[in-house]
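> quick one, fold the following:
(2 chains)
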Amino acid sequence: DTAVSQTPKYLVTQMGNDKSIKCEQNLGHDTMYWYKQDSKKFLKIMFSYNNKELIINETVPNRFSPKSPDKAHLNLHINSLELGDSAVYFCASRPDGLHTGELFFGEGSRLTVL
Amino acid sequence: AQSVTQLDSQVPVFEEAPVELRCNYSSSVSVYLFWYVQYPNQGLQLLLKYLSGSTLVKGINGFEAEFNKSQTSFHLRKPSVHISDTAEYFCAVTPGGGKLIFGSGTRLLVRP
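Numbering: from 1, shown residues only, chains lettered A, B, ... in the order given. Predicted structure coming up:
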């Protein structure tokens, strides 16, 4: 009954490949996010969706494409992977209405590009 | 634009000693303030948050933080730490509930 779940947890792949990370939340939240955590633990927002609509798109290469088939899912597809894409990617969700900014995070997906 | 500064990348402390993790922010608008904790190989969990009202907020696991508007700070404290508190701690701000902006994190290392 994990609130925010991501798959896969670990992903090792070669440069140039295309890969996807999936995220699902069962909290009934309308807003979902993707964050990237680099090797120095720095967390940076990548994208945010509200009820399937893109609302935040930070300066991210267009090799990264988020997709939200419904408000409970937000997937991240990465084309032509590069070494610098190696990181831990966190999915998160936020309840609407309160606008307090509190996020609920998944356990992360560690991507290693060789 | 908003930003968050955590000056200490690592704070070593002995078990049962008090600890303070520092956080300063800059913003031209009112913000909500948060502390999150990340245990090894896990996602982030909310420790505590300041939205309004009393400037001293209490969170889980015995942590508390004080909002100081004049110093634009939101330092995290615990009077007596345990080995299990070893983790990465992130301060974060959000202007009115929108995008959450994180600091660079402080690793708390509790030694026996």
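> how long is stretch B:71-88 end to end?
This stretch, stretch B:71-88, spans 24 Å end to end (Cα to Cα, to the nearest Å).
> any idea how far that stretch is from the middle of the chain?
7 Å (Cα atoms, centre = their mean, to the nearest Å).
> and the pLDDT at the nearest residue to residue B:26 once chain neighbours are set aside?
Computed as Cβ to Cβ, 6 or more residues apart in numbering or on different chains, the closest residue to residue B:26 that is not its neighbour in sequence is residue B:3, at 5.1 Å. From N, CA and C alone the C-beta is placed, and that goes for glycine too. If you check residue B:3, the pLDDT there is 88.
> so what's residue B:59 up against?
Going by Cβ atoms under 8 Å, 6 or more residues apart in numbering or on different chains, residue B:59 touches B:35, B:46-49, B:65.
> quick one, phi psi at it?
phi -120, psi -160 (degrees, to the nearest 10).
> need the residue closest to the centroid of the chain.
With no chain named, the answer covers chain A. Nearest to the geometric centre of chain A sits residue A:34, at 3.0 Å (Cα atoms, centre = their mean).
> I was thinking of chain B, sorry if that wasn't clear
Geometric middle of chain B (Cα atoms, centre = their mean) lands on residue B:35, at 3.7 Å.
> anything in the helix or strand where that one lies near chain A?
Per DSSP states H and E: residue B:35 is located in strand B:32-38. Yes: with Cβ under 8 Å from any Cβ of the partner chain as the criterion, chain A is reached by strand B:32-38 at B:32, B:34, B:38.
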